[in-house]
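Asker: Fold the following for me, if possible:
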Amino acid sequence: MIDIEKHPCFSIDAKGKYARVHLPVAPKCNIQCNYCKRDYDCVNESRPGVTSKVLSPEQALTYLVKLKEKMPHLSVVGIAGPGDPFANPVETMTTLRLIRKEFPEMILCLSSNGLNVAPYVDELAELKVSHVTITINAFDPEVTKDVYKWVRLEKRGFVGAEGAKVLLEKQLEAIKLLKMYDITVKINTIVIPGINDHLVGDIAKTAKELGADLMNTIPLYPVEGTPFENLTEPSAAMMKVIRADIAKHIKPMTHCARCRADAVGLLGKDDPEAAKLLNDIANMTVTADETRPYVAVASHEGLLVNQHLGEADTLYIYKETSQGYRMVEQRRTPPSGTGNHRWQALGESLSDCRALLVGGIGPSPSAIIGRTGIKIVEMTGLIDDGLDAMFKGKSLKTIKKADVFRCGAECSGKGTGCG
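Answerer: Below is the predicted model of the structure:
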């Protein structure tokens, strides 16, 4: 049975007794905050958005198994970046599924900007994710637009007030859906002097009206190289006044440690030995289910991984032999027009495949097919490179461009080049 009272971030009584780990499986982000700079290799910097290593879902599970042996009191697994969990939905949901299967009593939580949470709320509830944090820095688009450089959703990029409106709309939708499933929702607000510091009380009031359970105000940490690098960090006295103000409207969080995306250990007392373990696991080859001999590939011509799953009438099926990789068949996908039954049938038909390599995949098919245990990998590039990653555990160096600018993102083409 999951005991949410053992969450050290949400229960003051659990702080100092129970440990938590953030699994850094989500490197990409779908917004650019003007206070954020995501460097992966600065072990001495403690703030969200930084991690020493990024793990695959399989590596993350291996890491957790070893951590649990070392820390029996580890009660919470969170995914908080270093980008956004739902800018990396395949990696995030695969990790959550693996953990829930191995650790049925583990508390699972997520921290997101909220932009792309909504399509995954059903499965989050199914996986018993109990806590989701949404970072909201204002409810007024005219203020929000000054906090973000750009917003990217469904292959489109947005800037200025338009981007702010898109983000806010999706954040409100996410909160509503999460509360429908009685998932605890915490609002994070970065207190930015001169930008939103005078609005934090209003944010708290609106958050409570929307159904949020508690709120955490975090003082801006001015990071060199960001647009907000020259702003002044709010003082402790200023934060005390702000927290007293929000307490009039919503329960405030009082012991936030402003954790890294790879934080591990007791709150405020990260375990230094775990950093070495994280590094070791990141360099370890951990392959997907080896009892499944094949890998399925969505490809227009059988050379590149370059097809969206929804466009694929057939999938190339490969196996590894002593002479290299061999394409053993082209397997037809179930016909379109049957809604989610198509993806359920496809998941069943790929029960002998350890992985599915696709150029793109939507939230519903990703969730439905992913539940069958197959590893889903979004990539572009040579099929052989993807097979090397799946069969030999080699790192995958995809040639994928930034989504907002990639070929096929803004047209009706198939992403294989123009002319």
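
Asker: ranges for the helices of the stretch 201-350 of the chain?
Answerer: Secondary structure of the stretch 201-350 of the chain (DSSP state H, counting those that start in this stretch): helices located at 236-246, 272-282, 340-349.

Asker: excluding its backbone neighbours, what's nearest the residue nearest the centre of the chain?
Answerer: Residue closest to the average C-alpha location in the chain (Cα atoms, centre = their mean): residue 85, at 1.1 Å. Nearest-residue entry for residue 85: residue 92, 4.2 Å, with adjacent residues in sequence omitted and distances by Cβ to Cβ, 6 or more residues apart in numbering. Using the backbone N, CA and C atoms, a C-beta is placed for each residue, glycine as well.

Asker: measure the one you found to residue 241 for me?
Answerer: Distance of residue 92 to residue 241, computed by Cβ to Cβ, to the nearest Å: 36 Å.

Asker: quick one: which of those two has more around it?
Answerer: residue 92 (22 against 12; other Cβ atoms under 10 Å).

Asker: My reading is that that one is in a strand; is that accurate?
Answerer: No - counting by DSSP: H, G, I helix; E, B strand; the rest coil, residue 92 is located in no strand; its state is helix.

Asker: Would you agree it is in contact with residue 26?
Answerer: Yes - between residue 92 and residue 26 there is a contact at 5.6 Å, judged by Cβ atoms under 8 Å.

Asker: I'd like to know which helix or strand in this structure has the lowest mean pLDDT.
Answerer: In the chain, the helix or strand scored least confidently by mean pLDDT, DSSP states H and E is strand 269-270, which has a mean of 80.

Asker: partners of that one in the sheet?
Answerer: strand 264-266 (antiparallel) (DSSP bridges).

Asker: Buried residues of the partner strand, list them for me.
Answerer: Of all the residues in strand 264-266, those buried under the rule 16 or more other Cβ atoms under 10 Å are 264, 265, 266.

Asker: now do stretch 265-284
Answerer: Across stretch 265-284, burial judged by 16+ other Cβ under 10 Å covers 265, 266, 267, 270, 271, 274, 277, 278, 281, 282.

Asker: Give me the contact list for stretch 221-241.
Answerer: Residues from elsewhere that reach stretch 221-241, judged by Cβ atoms under 8 Å, 6 or more residues apart in numbering: 34-37, 47, 149, 191-195, 197, 217, 219-220, 242, 258.

Asker: switch the cut-off to 10 Å
Answerer: Residues from elsewhere that reach stretch 221-241 (Cβ atoms under 10 Å, 6 or more residues apart in numbering): 32-39, 45-50, 146-147, 149, 190-195, 197, 200, 217-220, 242, 258.

Asker: distance of the closest residue to residue 308 other than its chain neighbours from residue 58?
Answerer: Nearest non-adjacent residue to residue 308, counting by Cβ to Cβ, 6+ apart: residue 360, 4.0 Å away. Residue 360 sits 22 Å away from residue 58, going by Cβ to Cβ.

Asker: Can you tell me the element residue 387 falls in?
Answerer: Here residue 387 sits within helix 383-387, counting by DSSP states H and E.

Asker: Only the buried residues of that helix, if you could.
Answerer: For helix 383-387, a neighbour-count test (16+ other Cβ under 10 Å) marks 383, 385, 386, 387 as buried.

Asker: give me the element residue 166 is part of.
Answerer: helix 160-180.

Asker: and the nearest residue to residue 377 once chain neighbours are set aside, what does it touch?
Answerer: Leaving aside its sequence neighbours, residue 377 sits nearest to residue 357 (Cβ to Cβ, 6+ apart; 5.1 Å). The contact partners of residue 357, taken as Cβ under 10 Å, 6+ apart, are 295-299, 305, 307, 309, 315-316, 318, 375-381, 383, 385-387, 389-390, 396.

Asker: helix, strand or coil for residue 357?
Answerer: Following three-state DSSP, residue 357 is assigned to strand.

Asker: just residue 32 next, same as before
Answerer: Each residue gets one of three states, and residue 32 gets strand by three-state DSSP.

Asker: how near is it to residue 334?
Answerer: Distance from residue 32 to residue 334, counting by Cβ to Cβ: 39 Å.

Asker: for the chain, which spans come out with low pLDDT?
Answerer: Applying pLDDT under 70 to the chain flags residues 39-49, 257, 287-289, 397-419.

Asker: so what are the domain limits for it?
Answerer: Annotated domains of the chain cover 4-283, 294-392 [the TED database].

Asker: For residue 215, grab the count of nearby residues.
Answerer: Counted with other Cβ under 10 Å, residues neighbouring residue 215 total 25.

Asker: please renumber so the chain begins at 53
Answerer: In the new numbering, first residue 53, that becomes residue 267.

Asker: thinking again about what came up before, from what I can see the residue nearest to residue 360 touches residue 429, true?
Answerer: No - using Cβ atoms under 10 Å, residue 412 is not in contact with residue 429; the gap is 11.3 Å.

Asker: where do the helices sit along the stretch 103-252 of the chain?
Answerer: Remark: helices assigned in the stretch 103-252 of the chain by DSSP H, counting those that start in this stretch are 109-122, 141-154, 173-178, 193-196, 212-232, 252-262.

Asker: Enumerate the positions of the longest one that are buried.
Answerer: If you call a residue buried by 16+ other Cβ under 10 Å, then helix 212-232 has these buried ones: 212, 215-216, 218-220, 222-224, 226-227, 229-231.

Asker: same deal with the second one?
Answerer: Residues 141, 142, 143, 144, 145, 146, 147, 148, 149, 150, 151, 152 are the ones in helix 141-154 that count as buried (16+ other Cβ under 10 Å).

Asker: List just the nearest of those residues to residue 256.
Answerer: Nearest to residue 256 among the buried residues of helix 141-154: residue 144, at 27.9 Å, using Cβ to Cβ.

Asker: Adding distance to residue 187 as columns, could you present the helices of the stretch 103-252 of the chain in a markdown table?
Answerer: Formatted as a markdown table, the helices of the stretch 103-252 of the chain follow (distance: least, Cβ to Cβ, whole Å):
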| stretch | distance to residue 187 |
| --- | --- |
| helix 109-122 | 22 |
| helix 141-154 | 16 |
| helix 173-178 | 17 |
| helix 193-196 | 11 |
| helix 212-232 | 9 |
| helix 252-262 | 11 |
